[in-house]
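1. sequence and computational prediction follow.
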Amino acid sequence: VLLGLVLAIPPLLIFGALFMGADAVFSSLAVRFLHAVPTHLLLTAFIAYVVGGYLRGLLFGKDLNLGTQKLRLPFSLGAIEMGVLLGLLDLLFLAFVAVQVRYFFSGSALVRATTGMTYSEYARRGFFQLLAVAALLLPFLLLVHWLLRSDDAPGQRLFKWLAGIQIALLFVVMASALQRMRLYQAEYGLSEQRLYPTAFMGWLSVVFIWFCLTVLRGQRQRFAFGAMLAGYLLVATLHVINPDALIVRTNLERARTGHIFDAEYVASLSADAVPEIVAGLPTLNPMDRCKLSKALLNDWASSGRPDWRSWAISGALARHAVSLNASALREASVKTKR
């Protein structure tokens, strides 16, 4: 039990800090809980353990002959230490999920009364911390399962239950993270820094389901191939949907409904975004249209052909779209200057 408690300290600190950084309400509750535990209580328990162990060895212990006996290092986990380790982490996840259910999924009135923040301000905080929680939990569970003795049948059964509960709680955490990102994108628009982490979380969701179907069913050897295959499918899907073009379409649609349009960021995107930018220029205000027109002419209006070794279909399509609309682009720049 003590070994399990010691092993649980690092993951509790790491995941607890991420949860505190992700949610203001959970952070305040955690700080109050830590303040409620007197420091001298922990110090007294440690001293009592050390003194009690010394007295037991002094009165009832036997001499240890290091020349004939070998000391074994704890390279494996038994059912008890593994149960304490995962059980405490399950309690931490359950506490965070309880806060999410009460505050995050309960509407804005309770959040404003508790934190003084608007619901959007409260919700936009913490996506990347929760993404880090999901990303770190997978190698952590794999490591614990690897350290668990394979011949310990009760321990294997206990691991399945505790890991299954933790993954179920994690899906609630991931739902909270995705809701935060949705509100964040609704406020500030779509970007590569928001699209790719969201896609990565989708891959993690598939991998955790595969983890339940393989590792928790005693087929760990199949896990790596399935996780890698899911990663390749994610990359292929991103190529099909064309992320930069999707970002431009999404932000142009937001601009049509009166939201702020970040023309400088859109101009910094790759050649994949150029055809969508050209098609959406007429819907923008003159200032944004001017910025994008200048950027397109500077980057893609070159008359010379690139070297065949650097040729790409996206660049060819970008140059073609700019050349077809070169006069309109120059006119937009001149009118705005005047």
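-> Arrived safely, thanks for sending.
2. from now on I want contacts and neighbour counts done on CA atoms only, so please keep to that.
-> Noted.
3. for F15, give me its contacts.
-> Counting by CA atoms under 8 Å, 6 or more residues apart in numbering, F15 touches V133.
4. just the pLDDT at it, thanks.
-> F15 carries a pLDDT value of 89.
5. please apply the same query to E264.
-> 89.
6. contact partners for it?
-> Counting by CA under 8 Å, 6+ apart, E264 has contacts 291-292.
7. try the one 3 residues further on
-> For A267, the contacting residues are 292, 295-296, taking CA under 8 Å, 6+ apart as the criterion.
8. for S150, what are phi and psi?
-> phi -70, psi -20 (degrees, to the nearest 10).
9. er, L77 I mean
-> phi -110, psi 140.
10. quick check, it in contact with D151.
-> No. Assessed by CA atoms under 8 Å, L77 is found out of contact with D151, at 11.2 Å.
11. low-confidence ranges in the stretch 101-250 of the chain?
-> 103-125 (pLDDT under 70).
12. quick one: the helices in it, in order.
-> Using DSSP state H, counting those that start in this stretch, the helices of the stretch 101-250 of the chain run over residues 108-115, 119-124, 127-147, 153-188, 192-214, 223-241, 243-256.
13. quick one: the ones you listed as CSV, columns for mean neighbour count and distance to S327 too.
-> As requested, these are exported to CSV (neighbours: other CA atoms under 10 Å; distance: least, CA to CA, whole Å):
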stretch, mean neighbour count, distance to S327
helix 108-115, 15, 50
helix 119-124, 19, 42
helix 127-147, 17, 43
helix 153-188, 18, 32
helix 192-214, 17, 30
helix 223-241, 14, 30
helix 243-256, 19, 22
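14. could you dump those into CSV and include distance to V322?
-> Output for the helices of the stretch 101-250 of the chain, formatted as CSV (distance: least, CA to CA, whole Å):
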stretch, distance to V322
helix 108-115, 46
helix 119-124, 37
helix 127-147, 37
helix 153-188, 28
helix 192-214, 23
helix 223-241, 22
helix 243-256, 15
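15. which of those sits closest to L7?
-> helix 127-147 (10.5 Å; CA to CA).
16. hmm, who's touching the closest one?
-> 15, 18-19, 21-22, 75-77, 82, 159, 163, 170, 173-174, 177-178, 180-181, 197, 201, 204, 208.
17. quick one, that helix and helix 192-214 angle?
-> 30 degrees (axes from the mean of the first three to the mean of the last three CA atoms, to 10 degrees).
18. how far does helix 127-147 sit from the chain's center?
-> 10 Å (CA atoms, centre = their mean, to the nearest Å).
19. circling back: among the helices of the stretch 101-250 of the chain, which is nearest R319?
-> helix 243-256 (15.4 Å).
20. can you give me how far the helix or strand just after that closest one is from the chain middle?
-> Heading C-terminal from helix 243-256, the first helix or strand you meet, by DSSP states H and E, is helix 263-267. Its chain's C-alpha centre and that of helix 263-267 lie 26 Å apart, by CA atoms, centre = their mean.
21. circling back: I'd like to know which of the helices of the stretch 101-250 of the chain lies nearest to I47.
-> Per CA to CA, nearest to I47 of these: helix 127-147, 29.4 Å.
22. against G53, how distant is A279?
-> In this view, A279 and G53 are 77 Å apart by CA to CA, to the nearest Å.
23. to A321, which of the helices of the stretch 101-250 of the chain lies closest?
-> Nearest of these (CA to CA): helix 243-256, 13.7 Å.
24. residues contacting the closest one, please?
-> 189-192, 195, 260-261, 266, 269-270, 272-274, 276-277, 280, 283-284.
25. among the residues you listed, the buried ones, what's the PyMOL command?
-> Burial among these is assessed by 16 or more other CA atoms under 10 Å; the matching PyMOL selection reads:
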select buried, resi 189+190+191+195+261+266+269+272+273+274+276+277+284
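26. among the contacts of helix 243-256, which ones are in strands?
-> Members of these lying in strands (criterion: DSSP state E): none.
27. show me where the stretch 1-150 of the chain has strands.
-> Using DSSP state E, counting those that start in this stretch, no strands are found in the stretch 1-150 of the chain.
28. measure the residue of the chain positioned farthest from its centre to Q166 for me?
-> In the chain, the residue that sits farthest from the middle, by CA atoms, centre = their mean, is L59; the gap is 52.9 Å. Separation of L59 from Q166 (CA to CA) stands at 43 Å.
29. can you tell me the centre-most residue of this structure?
-> So for the chain, CA atoms, centre = their mean, it's L131, sitting 1.3 Å from the centre.
30. distance of that one from M174?
-> For L131, the distance to M174 - CA to CA - is 7 Å.
31. equivalent analysis for S314, please.
-> 34 Å.
32. and what of A132?
-> If you go by CA to CA, the gap between A132 and M174 works out to 10 Å.
33. kindly report the same for P197.
-> 12 Å.
34. go on, L190?
-> If you go by CA to CA, the gap between L190 and M174 works out to 19 Å.
35. how about F200?
-> Distance from F200 to M174, by CA to CA: 11 Å.
36. try R149
-> Counting by CA to CA, the gap from R149 to M174 is 30 Å.
37. and the closest residue to L94 other than its chain neighbours, what does it touch?
-> Excluding its sequence neighbours, the residue lying closest to L94 (CA to CA, 6 or more residues apart in numbering) is L169, at 6.6 Å. L169 is in contact with 90, 93-94, 97, counting by CA under 8 Å, 6+ apart.
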